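A.B. asks: have a look; sequence and predicted model below, questions after that.
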Amino acid sequence: MRVSIEFCPSTTILLLCLAAPANLAAQCTSAPQGEIRANPGRPTVADPADITEYGVLEVEYGWNHAWLGRATHENDFGALLKFAALCDLEIRWSPDTVVSKGGQRGFGDNWIGAQYRFYHQSHNMPTMAASYVVKIPSASSDRGLGTGRVDHQIKFLASKDVGPTHFDFNASALVIGRPSGSGRDSAAEIDLSFSHPLWNELAITGEVYGDTRLNDSVPGYTSTLWALTYTVTPRLVVDVGMDTAVTSNAPFRKRFVMGFVYSIGELYPVLRRSLRHR
């Protein structure tokens with residue numbers, strides 16, 4: 001299958017960051033202390049404004065089972081690899097490893113991009129960040145697993161801890177390639193989620209999110225997700241939950257989600273240790 005990438009500044013960002021010399025890390029005012037801790041973005045649609053710990057490679061992986069209506073189901077296994085190449089810059093690659101829909105099965109699309117944290121949480125202000133990702137249309141459009149078009153997402157993120165409760169807010173601009181014909185459609189997406197500890201390492205997560213109308217055939221919608229998360233170890237967090245449509249025009253009636261987040265390890269271990277002991 002031939003893939004055409006029309007506009008991909010995130011590829012340039014990725015190459016520049018991976019090629020950046022290690023002494024750029026000297027810009028870090030402080031290195032993470034103690035054991036590595038995971039920074040879960042799943043199971044919610046909203047992402048945290050804080051990024052993975054500096055120099056750490058982290059993976060998220062999960063299974064989604066969606067009820068689309070009319071006895072049609074969709075399954076997908078999706079991953080997200082995150083690497084904090086610099087103190088406030090995270091490189092992100094999100095492949096849908098397997099997608100099955102309407103009796104068809106195959107590889108899904110790939111998203112690649114970066115997130116930059118430009119403000120750290122203070123007493124009165126949240127952590128703030130911006131991100132950009134582009135979709136590489138690797139899913140088969142002939143088999144109904146993808147659109148075959150390049151999509152873009154630009155996002156503003158804010159996160160704040162209020163007592164024991166953590167809040168994440170995202171506002172996104174979506175630019176979606178039309179499956180048939182030329183041109184693009186655009187929409188906005190708003191996400192608000194919270195996480196609150198219940199007992200020991202068990203926590204509850206809730207979220208409300210929605211998109212505005214994309215075009216005449218894709219209306220806006222609202223959905224809500226509720227999940228439980230459990231911190232097995234500081235670097236491993238598992239989750240299970242249910243996403244339910246609030247409005248009848250949502251792309252699915254309900255969606256079951258389960259997965260995990262795991263901090264694989266440090267890619268700059270020597271540099272990180274030197275910063276830690278300054």
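C.D. replies: Cool, the structure landed. Residues are numbered from 1 along each chain as shown.
A.B. asks: can you pull the contacts of D96?
C.D. replies: D96 makes contacts with D76, F77, G78, F107, G108, D109, N110, A139, as judged by C-beta atoms under 8 Å, 6 or more residues apart in numbering. From N, CA and C alone the C-beta is placed, and that goes for glycine too.
A.B. asks: give me the buried entries from those residues.
C.D. replies: Among these, the ones that count as buried by 16 or more other C-beta atoms under 10 Å are D76, F77, G78, F107, G108, D109, N110, A139.
A.B. asks: ok, back up a step: for the contacts of D96, give me CSV that also has secondary structure.
C.D. replies: CSV is the format used below for the contacts of D96 (DSSP: H, G, I helix; E, B strand; the rest coil):
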residue, secondary structure
D76, strand
F77, strand
G78, strand
F107, coil
G108, coil
D109, coil
N110, strand
A139, coil
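A.B. asks: list just the nearest of those to S172.
C.D. replies: Nearest to S172, judged by C-beta to C-beta, of those is D109 at 16.8 Å.
A.B. asks: ok, the nearest residue to N75 once chain neighbours are set aside - how many residues close by?
C.D. replies: Setting aside the residues directly before and after it, N75 is nearest to S100 in space (C-beta to C-beta, 6 or more residues apart in numbering), at 4.7 Å. S100: 16 surrounding residues under other C-beta atoms under 10 Å.
A.B. asks: correct me if wrong: S100 contacts L68.
C.D. replies: No: using C-beta atoms under 8 Å, S100 is not in contact with L68; the gap is 12.0 Å.
A.B. asks: related to what we said a few turns ago, out of the buried ones among the contacts of D96, which comes closest to S223?
C.D. replies: Minimum separation from S223 among the buried ones among the contacts of D96 (C-beta to C-beta) is found for D76, which lies at 16.3 Å.
A.B. asks: that closest one: what's it in contact with?
C.D. replies: Applying C-beta under 8 Å, 6+ apart to D76 gives the contacts W63, N64, D96, V98, V99, S100, G108.
A.B. asks: R117 - how many residues pack around it?
C.D. replies: Residues near R117, counting by other C-beta under 10 Å, number 23.
A.B. asks: report all helices and strands that the host helix or strand of it contacts.
C.D. replies: Assigned by DSSP states H and E, R117 belongs to strand 110-119. On a contact count with 3 or more C-beta pairs under 8 Å, 6 or more residues apart in numbering; DSSP states H and E, strand 110-119 meets helix 9-18, strand 89-101, strand 127-136.
A.B. asks: understood, closing this out.
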